[in-house]
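# Could you look at this predicted model? Sequence included:
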Amino acid sequence: MIYTVTFNPSLDYIVKVDSFRLGEVNRTRSEKILPGGKGINVSIVLKNLGIESVAMGFIAGFTGNEIQKRLKIFGCESDFIRIQNGMSRINVKLKSDEESEINGQGPRIGGADLQKLFDRIDRLREGDVLVLAGSIPNTLPEDIYEKILDRIKAKNILVVVDATRDLLLNVLKYHPFLIKPNNHELGELFGRKLQSDEEIIQCAKELQTKGARNILVSMAGEGAILVEESGRTHKSPAPKGVVRNSVGAGDSMVAGFLAGYLAHGDYQEAFRTGIAAGSASAFSEELASKEDILALMMQI
């Protein structure tokens with residue numbers, strides 16, 4: 001089974017406003033509410049591809065109820081830990097002449113709540129897949145990713161980590177199956193701006209020396225690069241299309257990669273499926289559908 005962890009899920013309130021004017025009353029042209037969070041996005045795209053997963057994390061209040069309800073509408077199974085106080089966050093995504101976001105804080109996660117997550121993690125079995133994705137609330141210890149991976153290090157579990165900076169660097173010693181920085185995040189890890197594919201590949205291989213097995217580097221409109229654990233590299237441009245949505249494309253790439261790998265056991269096929277899934281979400285108003293992913297795979 002695949003398990004995704006989203007520490008701070010959200011309801012994403014997405015509104016479109018023609019020519020937003022600061023300090024004035026603005027009327028929306030369209031609006032929608034979706035369950036949000038990187039791990040949740042991975043679970044939704046996996047489900048769209050016909051692959052079951054269990055979404056884990058913390059929810060609270062009426063917004064938490066709505067997150068769980070909307071995730072169920074997508075057909076996704078969940079095993080959230082309910083926090084008694086506070087409420088899950090609402091993130092406002094404003095699409096106008098420019099895109100702006102206001103992200104909520106989320107509930108305070110206590111020690112007893114965290115222990116419940118550890119108890120669930122301890123139930124994972126050999127052969128399971130664990131996806132840790134996104135930032136963590138400031139109420140959690142900074143080494144929470146490390147604590148989780150340390151608990152399962154003796155089990156044969158495929159671990160995927162999609163995080164930035166120290167959250168990512170500090171777990172490489174646990175040899176995660178896949179990490180997925182984008183090219184800017186990869187450069188930040190080395191304190192420089194990466195200008196070429198060669199530099200990206202060089203930095204990715206440096207992360208392999210620190211413990212990462214496979215590194216998938218997303219590059220937005222420039223496509224992606226995969227450095228396999230064998231050292232073999234793959235590069236592909238992005239398929240052609242009109243970008244309509246930047247939210248969830250990287251998470252969709254993770255889901256597509258996993259789907260391709262689990263179906264075929266082949267990194268090249270996983271890479272193709274990952275790029276197609278990421279691009280399909282970027283070209284859609286919502287997360288990628290199976291039909292859109294399969295159509296884009298014909299271009300790759």
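Looks like it arrived, so ask away.
# Off-centre distance for stretch 127-144?
11 Å (C-alpha atoms, centre = their mean, to the nearest Å).
# Also stretch 42-56?
Its chain's C-alpha centre and that of stretch 42-56 lie 12 Å apart, by C-alpha atoms, centre = their mean.
# And the contacts of it?
Contacts made with stretch 42-56 from outside it, assessed by C-beta atoms under 8 Å, 6 or more residues apart in numbering, are listed as 1-6, 35, 39-40, 71, 74-81, 117, 120, 131, 133, 248, 251-252, 254-256, 258-259, 262, 277, 281, 287-290, 293. C-beta: built from backbone N, CA, C; applies to glycine.
# residue boundaries of the strands in the stretch 151-300 of the chain?
Per DSSP state E, counting those that start in this stretch, the stretch 151-300 of the chain has strands spanning 158-162, 178-179, 214-218, 224-227, 233-236. These are given in chain order.
# Of all those strands, which one is nearest I152?
Ranking the strands of the stretch 151-300 of the chain by proximity to I152 (C-beta to C-beta) places strand 158-162 first, at 7.5 Å.
# could you say what helices and strands the closest one packs with?
Contact here means 3 or more C-beta pairs under 8 Å, 6 or more residues apart in numbering; DSSP states H and E; on that basis strand 158-162 packs against strand 129-133, helix 144-152, strand 178-179, helix 249-264.
# Columns mean neighbour count and mean pLDDT on top of the ones you listed, output as TSV?
As requested, those are arranged in TSV below (neighbours: other C-beta atoms under 10 Å; pLDDT from 0 to 100):
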stretch	mean neighbour count	mean pLDDT
strand 129-133	24	96
helix 144-152	18	95
strand 178-179	26	96
helix 249-264	25	96
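# Out of these, which gets nearest to I14?
Ranking those by distance to I14, with C-beta to C-beta as the measure, places helix 249-264 first at 14.8 Å.
# pull the CA atoms of the closest one into CSV?
Backbone C-alpha positions of helix 249-264 (Å, rounded to 0.1, in the frame of the first residue of the first chain) are rendered in CSV as follows:
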residue,chain,number,x,y,z
ALA,A,249,2.2,19.9,-10.9
GLY,A,250,5.2,18.7,-8.9
ASP,A,251,3.1,16.5,-6.7
SER,A,252,1.5,15.0,-9.8
MET,A,253,4.9,14.3,-11.2
VAL,A,254,5.7,12.3,-8.0
ALA,A,255,2.4,10.4,-8.4
GLY,A,256,3.1,9.6,-12.0
PHE,A,257,6.6,8.4,-11.3
LEU,A,258,5.4,6.1,-8.6
ALA,A,259,2.6,4.8,-10.8
GLY,A,260,4.9,4.1,-13.7
TYR,A,261,7.5,2.5,-11.6
LEU,A,262,5.1,0.2,-9.7
ALA,A,263,3.5,-0.9,-12.9
HIS,A,264,6.6,-1.6,-14.9
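# can you state the direction angle for that helix and strand 214-218?
Compare the direction of helix 249-264 with that of strand 214-218 by axes from the mean of the first three to the mean of the last three C-alpha atoms, to 10 degrees and you get 140 degrees.
# Make CSV from the strands of the stretch 151-300 of the chain and add distance to R27 to it.
CSV is the format used below for the strands of the stretch 151-300 of the chain (distance: least, C-beta to C-beta, whole Å):
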stretch, distance to R27
strand 158-162, 36
strand 178-179, 43
strand 214-218, 35
strand 224-227, 39
strand 233-236, 42
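# do you know which of those strands lies nearest D18?
The minimum distance between D18 and the strands of the stretch 151-300 of the chain falls on strand 214-218, with 30.7 Å, by C-beta to C-beta.
# Other residues contacting that closest one?
By C-beta under 8 Å, 6+ apart, the list of residues contacting strand 214-218 reads 177-183, 186, 200, 204, 207-208, 224-229, 249-250, 253-254, 257, 267, 271, 274, 278.
# And the buried ones among those residues, selectable in PyMOL?
This is how PyMOL selects the buried members of those, with burial counted by 16 or more other C-beta atoms under 10 Å:
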select buried, resi 177+178+179+180+181+182+183+186+200+204+207+208+224+225+226+227+228+249+250+253+254+257+267+271+274+278
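# distance of the closest residue to F7 other than its chain neighbours from L294?
Closest residue to F7 in three dimensions, ignoring its sequence neighbours and counting by C-beta to C-beta, 6 or more residues apart in numbering: I136, at 5.0 Å. According to C-beta to C-beta, to the nearest Å, I136 stands 34 Å off from L294.
# For these two, indicate the residue with more neighbours.
Between I136 and L294, counted using other C-beta atoms under 10 Å, I136 has the larger neighbour count: 17 against 13.
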